[in-house]
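> Sequence below, structure please.
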Amino acid sequence: MAAVLRITDRTSNDGRHRVEVVWQDGQAVRRVAESSFDYRVGNLEAERIRWYLEEYPEFPADPGPSLAA
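Numbering: from 1, shown residues only. Next up is the predicted model:
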């Protein structure tokens, strides 16, 4: 079994976030961390974060590095 990192972010109706991080390394090691917090970002900031996490790692060519900075 390959190592797996799973990050889950759920937002409740009142805007509170609950993030769970699970690390599973084979069948022997499984670690879980969870946190709940208030954090609000606007649509533009949310889109920039999404781009950085999802698209930039796959397409790091120009102008990506200057946008990521």
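
> Could you export the helix or strand harbouring residue 47 as CSV, CA atoms only?
According to DSSP states H and E, residue 47 maps onto helix 43-50. Provided in CSV are the C-alpha atoms of helix 43-50 (Å, rounded to 0.1, in the frame of the first residue of the first chain):
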residue,chain,number,x,y,z
ASN,A,43,-13.4,35.3,-3.9
LEU,A,44,-10.2,36.7,-5.4
GLU,A,45,-8.0,35.4,-2.6
ALA,A,46,-9.7,32.0,-2.7
GLU,A,47,-9.1,31.8,-6.5
ARG,A,48,-5.4,32.7,-6.0
ILE,A,49,-5.0,30.1,-3.3
ARG,A,50,-6.7,27.5,-5.5
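
> hmm, who's touching that helix?
residue 41 (C-beta atoms under 8 Å, 6 or more residues apart in numbering). Glycine gets a C-beta too; all of them are placed from N, C-alpha and C.

> Stretch 34-42 too?
15, 16, 17, 18, 19, 20, 21, 49.

> Any figure for the gap between the residue of the chain most remote from its centre and residue 22?
Distance from the centre of the chain peaks at residue 28, with 24.8 Å (C-alpha atoms, centre = their mean). Distance from residue 28 to residue 22, counting by C-beta to C-beta, to the nearest Å: 15 Å.
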